[in-house]
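[1] give the three-dimensional model of this entry:
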Amino acid sequence: MFVVYRRQRCALSKETTLNPLTIVHVQTRMNSSGGCEENTWASCVHQASTGHVVHLVCGRSSAVDAYKGRHPGVTVHHVDEMVWNISPVDDIRACRVLAQLFERLKADVIHTHSSKAGILGRAAAKLAGVPARIHGVHILPFDNVSSGEKLVYLAVEHMAAFVTDHFIHVSEGTKAAYRSAAVGQSVPHSVVRSGMEVEKFKGASWPEDWSQLVGETHPQHKPSVVLMMAALEKRKRHAEFIQEFAKLSSPDDRIRVLFAGSGPEEGNLQQLIDRLNVGDRVRLLGHRSDPQCLVALSDVSVLCSLREGLPRVIVQSLAGGKPAVVSPFPGIEEIVTHDKNGIVAQSTEAEDVVRETMALIRNPERLAKYTAGAENASVDAWSFASMFSQLDAAYALCLSNPDVKSRLRKAATRRRPLPAPSAANHLI
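    Numbering: from 1, shown residues only. The predicted model follows:
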């Protein structure tokens, strides 16, 4: 999906000694879809459209062809050494390659996204002497993990914070979690909510293939539809959802569960659906370019991931006037008001989300109440205009830091071309 952004005056020029800035965004894995990817790409396009020189660096498992040439102002780089899993050899190589790339690009700002790219990118930026280092927190790496993993993740985040000038969070919840863990106490933390085209979800029509999706031909006989829009990854816990749904439903139930998204777990999930004999009620739709239409077809959206920032898909659901049932992610209360426009499960277990969802679907009066609440929910804070305004403000705050301003001036001095030799010098 291609989004056109209006060109605006450079909002950062007053706060810096360089105009335009050379901004490099770093993301380990840029798939063709996904909330973090959409957020990162929107940031790149906005900054390019406001006059800055923008680069996007992504790692080995990225859908590079989906982004190269997509916008004339954003140059995409593929660093094969940057991998998703922890790999000391590859990680050291990636850090070295990134540092060399940042030096070659003469980067003024490095903006990393998510955990792995955040660690490698900030370390490489320090090695390369990049003046400003910003880290974007899209998800909490130390949430819902084992005690040992939490200690390791927190230790690494604390170390990376020493070479960070600014943190940008997608929600107040992740910001509060970082503050609670004392990560980056000495630097500013801003919240920039993930922007999206919220207007297109309001009053959208059902998808053209709706009857195939739900197995019904007459609109008045449409079964209840539960929608999960999420990448098919283990942390999203589709399998746990399917297993519990199989226990609580029967072939006579007029309920359909639609999973929109693609990912590495697709084959395993299809095998599970076949083994549990729920293929008449559960469908894997793959990647869809019409999420607004799927929301319109649904009766309720669900999400039971182990870790999230503030899920864009839940904002989209409420924008489309449909309630949501979600796990208790940090900060989820910013968009889902329990017992008003949805349900925040009391436990982090995926099965709890299923039980709450089934109870809601089977209670028409309660569902109607939450649907009305969703229709009245305010989602303006997640518009592109709001995101870009918040992003510009966060950058301005970072670049007004005296240390950052000093580094920018020094970098500009180093890059300034030497004056041409004078006639007197030729005579010496």
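[2] would you map out the domains in the chain?
    15-195+383-415, 198-381 (automatic domain parsing).
[3] roughly how far is the last one from the heart of the chain?
    Its chain's C-alpha centre and that of domain 198-381 lie 19 Å apart, by CA atoms, centre = their mean, to the nearest Å.
[4] Leu360: how many residues sit nearby?
    Around Leu360 there are 22 other residues, counting by other CB atoms under 10 Å. C-beta here means a position set from N, CA and C on the backbone, and glycine is covered the same way.
[5] also Thr40?
    Neighbours of Thr40 under the rule other CB under 10 Å: 26.
[6] Phe259 now?
    When neighbours are defined as other CB under 10 Å, Phe259 has 24 of them.
[7] what helices and strands are in contact with whichever strand or helix holds it?
    For Phe259, the element it lies in under DSSP states H and E is strand 255-260. Judged by 3 or more CB pairs under 8 Å, 6 or more residues apart in numbering; DSSP states H and E, strand 255-260 is in contact with helix 210-214, strand 224-229, helix 238-248, strand 282-286, helix 291-297.
[8] present the domains of the chain as TSV; the columns should include mean pLDDT.
    TSV is the format used below for the domains of the chain (pLDDT from 0 to 100):
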stretch	mean pLDDT
domain 15-195+383-415	92
domain 198-381	95
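[9] all strands of the stretch 301-428 of the chain, in order?
    Using DSSP state E, counting those that start in this stretch, the strands found in the stretch 301-428 of the chain span residues 324-326, 342-344.
[10] just name the most buried of those.
    Highest mean neighbour count of the strands of the stretch 301-428 of the chain: strand 324-326, a mean of 28 (counted as mean count of other CB atoms under 10 Å).
[11] partner strands of that strand and their direction?
    Looking at strand 324-326 with DSSP bridges, its partner strands are strand 300-303 (parallel), strand 342-344 (parallel).
[12] pretty sure Leu272 sits in a helix.
    Yes: counting by DSSP: H, G, I helix; E, B strand; the rest coil, Leu272 is located in a helix.
[13] what is the burial count for it?
    By other CB under 10 Å, 17 other residues sit near Leu272.
[14] surely it touches Phe241?
    No: judged on CB atoms under 8 Å, Leu272 makes no contact with Phe241 at a distance of 10.3 Å.
[15] got the contact list for Glu351?
    240, 243-244 (CB atoms under 8 Å, 6 or more residues apart in numbering).
[16] what about 10 Å?
    Taking CB atoms under 10 Å, 6 or more residues apart in numbering as the contact definition, Glu351 lies against 237, 240-241, 243-245, 247-248, 304, 345.
[17] and the strand holding Phe259, C-alpha only, in PDB?
    The C-alpha trace of strand 255-260 is given here as PDB (Å, rounded to 0.1, in the frame of the first residue of the first chain):
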ATOM      1  CA  ILE A 255     -18.600 -17.900  14.500                       C
ATOM      2  CA  ARG A 256     -15.700 -17.400  12.200                       C
ATOM      3  CA  VAL A 257     -12.100 -16.600  13.200                       C
ATOM      4  CA  LEU A 258     -10.100 -14.800  10.500                       C
ATOM      5  CA  PHE A 259      -6.300 -14.400  10.800                       C
ATOM      6  CA  ALA A 260      -5.000 -11.700   8.400                       C
END
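[18] okay, the angle between that strand and strand 224-229?
    20 degrees (axes from the mean of the first three to the mean of the last three CA atoms, to 10 degrees).
[19] hang on, the earlier thing: now the strands of the stretch 301-428 of the chain in TSV, with distance to Pro131?
    Listed next are the strands of the stretch 301-428 of the chain as TSV, based on distance: least, CB to CB, whole Å:
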stretch	distance to Pro131
strand 324-326	39
strand 342-344	41
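[20] which one of those lies nearest to His135?
    Closest approach to His135 among the strands of the stretch 301-428 of the chain (CB to CB): strand 324-326, 25.5 Å.
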